[in-house]
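In: Quick check, what structure comes out for this input:
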Amino acid sequence: MSTQDASGAVGNVTVNGTKLWDDILETARFGGTPKGGIRRLALTEEDRQVRAWFVRACEALGCTVSHDSMGNQFARRPGMENTLPPITMGSHLDTQPTGGKFDGIVGVLGGLAVLRTLHETGRETRHPIELINWTNEEGSRFAPAMLSSGVFAGVFTEQEALDTKDREGVRFGDALEGIGYRGAEACGAHPVAAYFELHIEQGPILEVEHKTIGIVTGVQGMRWYEVTLRGQDAHAGSTPMRLRADALVTAARMIDAVQTIALAHGPDSVGTVGLIENRPNSRNVIPGEVFFTVDFRDPDDRIVQKMEEAFYAQASDLAEKAGLTVEIERVWDTPAVQFDPECIGSVARAADTLGYPAQRIVSGAGHDATYMAQVAPTAMIFVPCAGGLSHNEEESAEPDDVTAGANVLLRAVLETDSRL
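Out: Numbering: from 1, shown residues only. Down below sits the predicted model:
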């Protein structure tokens, strides 16, 4: 049976869902936790191990694998016209400290399933087809998120990324050298004709609406901040309440302000405080310094700006009233993104042809596709995850849904190869 119809698009061929699921379970061993999740922070030994697995798996399918100066990995399957820039797929293999088996991983392993299908069926493409594993997408060790795809897109300079340090003071560049993944190719020099990213939704909409495929039209705008509040640490028993400069109490009021601001700016606005450090963190000492992070998001960049302005004003007012000092640094700003209409159309047609219930959706989370949309025509594919739960060891997705997403990815890539 031919794998190509009259239009040049893929015929009845589909990915091997069983092998795809096996790959998900196998890679979960690298950094696996007792609760069934994964702790695989960027540029750790666990990250090095899964990268080595990625190389072996891709080379077994006849691909060549390289990595650039930010450690991004590229698995290349040749095309009939290898001077053409590649059609690319990708996501990431790093996780949160208490991450699951699917966030990012589905995109890389779904792309691997596409490469396996092309290899096993002997399907030839005009363009080379490449699969990318992006470094440090999560930003949980080295902030901000999507750091290496950001360098690739020119949003960050390579030097500032290499000089970024984690909370332990370890420099990104040193950690990258330490696992042996500092490549010779300059990050961003790699050509790309189009980019597709498969991902779990990380939200509840598809599950609630009983849809198998999310046709992602774009990503909402988001900003991250680091806040340092300073008062005076003192004895908990001998310092009267009226004379205290308690940083934690005022930090609590600021954190409540984040919640209030997000609720006040519309149904799509969200605000989160996800990291707090209290110093000196002793049971009988009044806290003298608190560090915390703030995350504001909305599909409308104007709303994100209004939330920022409201938080700066309220934080300054709260600190002044308490006799404290506050420093707020915006560490990440990624505007809302609209994906390429033609690539979105390829995803929509693939879902329709395969008979998968689908709907258009805006991503609430950031992805490497956010920055890749500045480089090449880009689109994303979502599949449901149980309860919308993500960044959690209990993160879960159904094998049939993951396979469906990979099948849509396969058709979208092949249609784009025929179209460009």
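
In: For the rest of this, base every contact and every neighbour count on C-alpha atoms.
Out: Noted.

In: quick one, what contacts residue 373?
Out: Taking C-alpha atoms under 8 Å, 6 or more residues apart in numbering as the definition of contact, the neighbours of residue 373 are 195, 337-340, 379.

In: do the same with residue 199
Out: The contact partners of residue 199, by C-alpha under 8 Å, 6+ apart, come to 91, 102-107, 380-383.

In: likewise residue 398?
Out: Taking C-alpha under 8 Å, 6+ apart, one finds 384-385 in contact with residue 398.

In: and the gap between it and residue 240?
Out: In this structure, residue 398 and residue 240 are separated by 57 Å, where distance is defined by C-alpha to C-alpha, to the nearest Å.

In: try residue 61
Out: Residue 61 sits 70 Å away from residue 240, going by C-alpha to C-alpha.

In: neighbour count winner among the two?
Out: A direct count of neighbours by other C-alpha atoms under 10 Å for residue 61 and residue 240 places residue 61 higher, at 18 against 9.

In: now, which of the contacts of residue 199 lie within helices?
Out: Judged by DSSP state H, the contacts of residue 199 include 105-107 as members of helices.

In: residues contacting residue 401?
Out: Neighbouring residues of residue 401 by C-alpha under 8 Å, 6+ apart: 212-213, 383-384.

In: any idea which of those residues is closest to residue 244?
Out: residue 384 (49.3 Å; C-alpha to C-alpha).

In: was I right about the closest one contacting residue 198?
Out: No. Because the distance of 11.3 Å does not satisfy C-alpha atoms under 8 Å, residue 384 is recorded as not touching residue 198.

In: Now for the contacts of residue 401: which two are most distant?
Out: The farthest-apart pair in these, when distances are taken by C-alpha to C-alpha, is 213 and 384, at 7.4 Å.

In: Give me the common contacts of the two.
Out: Counting by C-alpha under 8 Å, 6+ apart, the common neighbours of residue 213 and residue 384 are 206, 401.

In: quick one, strands of the stretch 101-250 of the chain?
Out: With DSSP state E, counting those that start in this stretch as the definition, the stretch 101-250 of the chain shows strands at residue ranges 129-134, 194-200, 213-219, 221-230, 234-235.

In: Can I get the ones you listed in a markdown table including mean pLDDT?
Out: Output for these, formatted as a markdown table (pLDDT from 0 to 100):
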| stretch | mean pLDDT |
| --- | --- |
| strand 129-134 | 98 |
| strand 194-200 | 98 |
| strand 213-219 | 97 |
| strand 221-230 | 97 |
| strand 234-235 | 97 |
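
In: mind checking which of the ones you listed is nearest residue 330?
Out: Taking C-alpha to C-alpha as the criterion, strand 221-230 is the member of the strands of the stretch 101-250 of the chain that comes nearest to residue 330, at 4.3 Å.

In: That closest one packs against which elements?
Out: helix 247-264, strand 289-298, helix 301-322, strand 325-334 (3 or more C-alpha pairs under 8 Å, 6 or more residues apart in numbering; DSSP states H and E).

In: and the ones you listed, which is most packed in?
Out: Here the criterion is mean neighbour count by mean count of other C-alpha atoms under 10 Å, and of the helices and strands packed on strand 221-230 the winner is strand 289-298, at a mean of 23.

In: Quick one: mean pLDDT for it?
Out: Here the mean pLDDT over strand 289-298 is 97, rounded to a whole number.

In: Which member of the ones in helices among the contacts of residue 199 is positioned nearest residue 140?
Out: Proximity of those to residue 140 (C-alpha to C-alpha) peaks at residue 105, which lies at 15.7 Å.

In: ok, for the closest one, nearest residue in space, not its chain neighbours?
Out: residue 93 (5.2 Å; C-alpha to C-alpha, 6 or more residues apart in numbering).

In: residues near that neighbour, how many?
Out: Other residues near residue 93 come to 29 when the count uses other C-alpha under 10 Å.

In: Next, the contact list for it, please.
Out: Taking C-alpha under 8 Å, 6+ apart as the criterion, residue 93 is in contact with 40, 47, 50, 104-105, 108, 133-135.

In: That one and residue 28: what is the separation?
Out: In this structure, residue 93 lies at 10 Å from residue 28, with C-alpha to C-alpha as the measure.

In: What of residue 133?
Out: Applying C-alpha to C-alpha, one obtains 16 Å for the distance of residue 133 from residue 28.

In: okay, those two: which has more neighbours?
Out: Counting neighbours by other C-alpha under 10 Å for residue 133 and for residue 28 shows that residue 133 has the greater number, 28 against 22.

In: how close does that one sit to residue 420?
Out: 24 Å.

In: The stretch 51-200 of the chain: helices as residue ranges?
Out: Listed from the start of the chain, the stretch 51-200 of the chain has helices (DSSP state H, counting those that start in this stretch) covering 105-121, 147-152, 158-162, 172-178.

In: Low-confidence ranges, the stretch 301-420 of the chain, go.
Out: Low-confidence regions of the stretch 301-420 of the chain, defined here as pLDDT under 70, do not occur.

In: What are the boundaries of the strands in it?
Out: For the stretch 301-420 of the chain, strands defined by DSSP E, counting those that start in this stretch occupy the ranges 325-334, 337-338, 358-363, 378-383.

In: Distance to residue 306 added to those strands, as JSON lines?
Out: Listed next are the strands of the stretch 301-420 of the chain as JSON lines, based on distance: least, C-alpha to C-alpha, whole Å:
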{"stretch": "strand 325-334", "distance to residue 306": "14"}
{"stretch": "strand 337-338", "distance to residue 306": "18"}
{"stretch": "strand 358-363", "distance to residue 306": "21"}
{"stretch": "strand 378-383", "distance to residue 306": "28"}
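
In: and residue 187, which of these is closest to it?
Out: Distance to residue 187, taken as C-alpha to C-alpha, is lowest for strand 378-383 among the strands of the stretch 301-420 of the chain, at 18.6 Å.
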